[in-house]
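# Okay, predicted coordinates and the sequence, questions at the end:
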Amino acid sequence: MRGPDEKEFGDLVAGRSHALRRTAYLMCGDWHQAEDLVQITFIKLYRAWGRVNRHDNLDAYLRKTLLNACIDERRRPWQRRELPTSAPPDHPDRSAVLVHDRDLLVSGLRQIAPGQRAVLVLRFWEDLTVEETARVLGCSTGTVKSQTARGLAALRAVIGELAPGTRMPDDVSVLKGNS
């Protein structure tokens with residue numbers, strides 16, 4: 001099996017890692033874990049380069065691999081423990097409404113089912129169509145539609161619990177603020 005050309009692979013990593021990192025953050029809610037997931041994704045791509053390089057849709061392969069890596073990491077027992085810290089974590093300045101809305105949405109995303117989270121991230125963050133999302137997740141378009149509806153309903157309920165009196169905006173594109 002022939003590995004990738006180092007320059008070609010390096011350019012691919014440089015060009016796609018930032019977007020994958022943002023997507024991973026939305027799926028897991030932690031920037032450090034997001035970096036680890038992106039690294040795992042590129043390691044798996046490197047190993048499978050001989051098979052994957054022939055496919056036209058490399059972005060779909062990367063998103064699917066990232067999703068699988070995120071699910072695999074959630075299954076690890078060490079992930080289920082609380083990590084003690086000496087001081088409470090810093091909180092971002094909540095003076096800007098956009099930052100508050102985005103933080104609230106990301107917190108809500110962390111609390112809904114992984115399948116629903118994946119569909120919402122792919123549909124509203126990655127701007128994939130229903131058909132593209134179904135292809136990435138390996139499911140039917142009907143499943144994507146139902147998971148989108150259920151995920152949005154669950155997200156609205158969670159946000160109502162996190163910030164009583166706050167209504168989730170109908171336009172979920174507030175997630176696309178600068179990261």
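Received it, and whenever you're ready, just let me know what you need. Just so you know, these numbers come straight off a predicted model, no measurement behind them. Residues are numbered from 1 along each chain as shown.
# What helices and strands are in contact with the host helix or strand of residue 8?
Assessed by DSSP states H and E, residue 8 sits inside helix 6-28. Here helix 6-28 touches helix 31-47, helix 58-75, helix 97-110, helix 114-120, going by 3 or more Cβ pairs under 8 Å, 6 or more residues apart in numbering; DSSP states H and E. From N, CA and C alone the C-beta is placed, and that goes for glycine too.
# which residues touch that helix?
Outside helix 6-28, the residues that touch it by Cβ atoms under 8 Å, 6 or more residues apart in numbering are 4, 31, 33-35, 37-38, 41-42, 46, 49, 58-59, 62-63, 66-67, 70, 73-74, 106, 109-110, 114, 117-118, 121, 125-126, 175, 179.
# can you pull the buried residues of the helix or strand of the chain with the lowest mean pLDDT?
Within the chain, no helix or strand scores below helix 97-110, which has a mean of 73 by mean pLDDT, DSSP states H and E. Neighbour-count burial for helix 97-110, with 16 or more other Cβ atoms under 10 Å as criterion, is recorded at 101-105, 108-109.
# need these in TSV with distance to residue 149, can you?
What follows is those, written out as TSV (distance: Cβ to Cβ, whole Å):
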residue	distance to residue 149
101	21
102	22
103	24
104	20
105	17
108	16
109	16
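# if you skip the residues just before and after it, what's nearest to residue 120?
The spatially closest residue to residue 120, leaving aside those adjacent along the chain, is residue 151, at 4.7 Å (Cβ to Cβ, 6 or more residues apart in numbering).
# Which strand or helix spans the one you found?
Residue 151 belongs to helix 141-162, assigned by DSSP H and E.
# Quick check: buried residues in that helix?
143-144, 147-148, 150-152, 154-155, 158-159.
# model confidence over that helix, on average?
In this model, helix 141-162 has an average pLDDT of 90.
# That helix vs helix 97-110, what angle?
On the basis of axes from the mean of the first three to the mean of the last three Cα atoms, to 10 degrees, helix 141-162 is oriented at 120 degrees to helix 97-110.
# I'm done for today, thanks for sticking with me.
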